[in-house]
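Enquirer: I would like to see how this sequence folds:
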Amino acid sequence: MSGKDQEEPKQDTADTAEELMEFRTLLPENELQEIIRGWLKMDMPTFDVGGLVVGNDTKSARLFMKSSGVIAGRPFFEAVFRVLGDCQVEWNEELYSEGTSVDVAETVGKLCIATVTGPVHKLLQGERTALNSISRCSGVATAASGAVKVARSLGWKGWVAGTRKTTPGDFRIVEKYGLLVGGAATHRLDLSQMVMLKDNHIWACGGSIASAVQLARKAAGFSSKIEVECQTLQEALTAAEAGADIVMLDNFQPEQLRKDAATFKKRYPHVLVEASGGITSETMGAYLCDEVDIVSQGKLTHGYSCLDYSLKIVQ
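Expert: You can find the predicted model right below:
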């Protein structure tokens with residue numbers, strides 16, 4: 001590697017172990033490998049003529065990070081080459097751990113964070129799938145980290161969360177994992193985790209929030225929380241009275257939301273309040289107050305910018 005490539009960028013090193021928690025143990029290893037086999041099969045359903053051209057000599061390739069942000073998605077990157085077989089990924093662990101925020105502005109525009117070694121045709125077969133996963137996961141983590149930093153800079157201690165507005169199918173796990181690495185909460189992972197009664201649920205069952213919550217509790221029992229999407233303070237009060245654990249104040253104007261959250265918490269201090277609906281990192285500060293426990297942003301998983309990575313064979 002040239003001296004220029006080895007220049008060290010600015011880093012935002014985590015102050016606590018929690019901030020750089022190793023989340024890879026959350027991932028279902030066997031299921032993850034099946035997911036990635038599916039991705040690779042989709043990318044190479046039959047012949048790989050390019051693989052024939054390059055052969056199967058052992059080569060090394062360097063993973064370059066080319067835009068600033070939070071490194072996230074290493075387990076998915078590694079798993080691609082593990083599934084292909086006979087490949088090893090070696091990370092620059094001393095400088096670039098999962099969750100590290102890196103500023104490449106003062107480098108020549110790219111930074112080597114890992115080396116992959118294996119049969120050259122396998123390196124190239126896995127290249128795009130591996131890069132897609134780490135670039136998107138890093139994009140989510142970077143957006144999540146930025147949102148959390150905004151909240152903390154304003155002295156707010158609640159949860160910044162994503163939503164279920166994710167890429168359909170198996171890729172959802174990458175985006176939800178990226179939220180965690182960035183310091184945000186995933187919100188519920190799927191329809192089976194927590195009960196959320198949205199406006200469509202209420203309207204479709206006759207319009208009674210109380211009846212909907214009571215019926216949901218019969219099925220969910222004591223082990224699942226119930227959240228109700230509310231358009232007014234009165235709907236939130238009704239939901240709490242019926243036994244909801246969380247009320248979502250959806251699409252409120254900031255001033256009205258803060259006022260209604262304060263009124264609600266005086267009556268139901270044990271019920272969590274979530275602010276949601278078109279909130280971004282730029283507008284989030286207007287919604288924050290002591291009575292709001294959660295602020296969710298769909299943009300964290302459906303409006304993020306991918307980080308730029310490349311994988312280059314060593315000449």
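
Enquirer: Give me the phi and psi angles of the residue nearest to residue 195 when sequence neighbours are not counted.
Expert: Nearest residue to residue 195, sequence neighbours excluded (Cβ to Cβ, 6 or more residues apart in numbering): residue 226, at 4.5 Å. Any C-beta I mention is one placed from the backbone N, CA and C, and that applies to glycine too. Here is the backbone geometry of residue 226 (degrees, to the nearest 10): phi -120, psi 130.

Enquirer: Check residue 195 too.
Expert: Dihedral angles of residue 195 (phi, psi; degrees, to the nearest 10) stand at phi -110, psi 130.

Enquirer: Quick check: the residue nearest to residue 195 vs residue 276, distance?
Expert: Residue 226 sits 16 Å away from residue 276, taking Cβ to Cβ, to the nearest Å as the criterion.

Enquirer: so where do the strands sit in the stretch 51-200 of the chain?
Expert: 58-65, 69-70, 88-91, 101-103, 111-119, 159-161, 195-197 (DSSP state E, counting those that start in this stretch).

Enquirer: Relative to residue 233, which of the ones you listed is closest?
Expert: strand 195-197 (17.1 Å; Cβ to Cβ).

Enquirer: Can you name every helix or strand that that closest one contacts?
Expert: helix 209-220, strand 226-230 (3 or more Cβ pairs under 8 Å, 6 or more residues apart in numbering; DSSP states H and E).

Enquirer: out of those, nearest to residue 124?
Expert: strand 226-230 (45.9 Å).

Enquirer: Check the offset of that closest one from the chain's centre.
Expert: How far strand 226-230 lies from its chain's middle: 22 Å, per Cα atoms, centre = their mean, to the nearest Å.

Enquirer: quick one: contacts of that strand?
Expert: Outside strand 226-230, the residues that touch it by Cβ atoms under 8 Å, 6 or more residues apart in numbering are 194-199, 202, 209, 212-213, 216-217, 220, 235-236, 239, 243-250, 274, 276.

Enquirer: got the angle between it and helix 209-220?
Expert: Counting by axes from the mean of the first three to the mean of the last three Cα atoms, to 10 degrees, strand 226-230 points 160 degrees away from the direction of helix 209-220.
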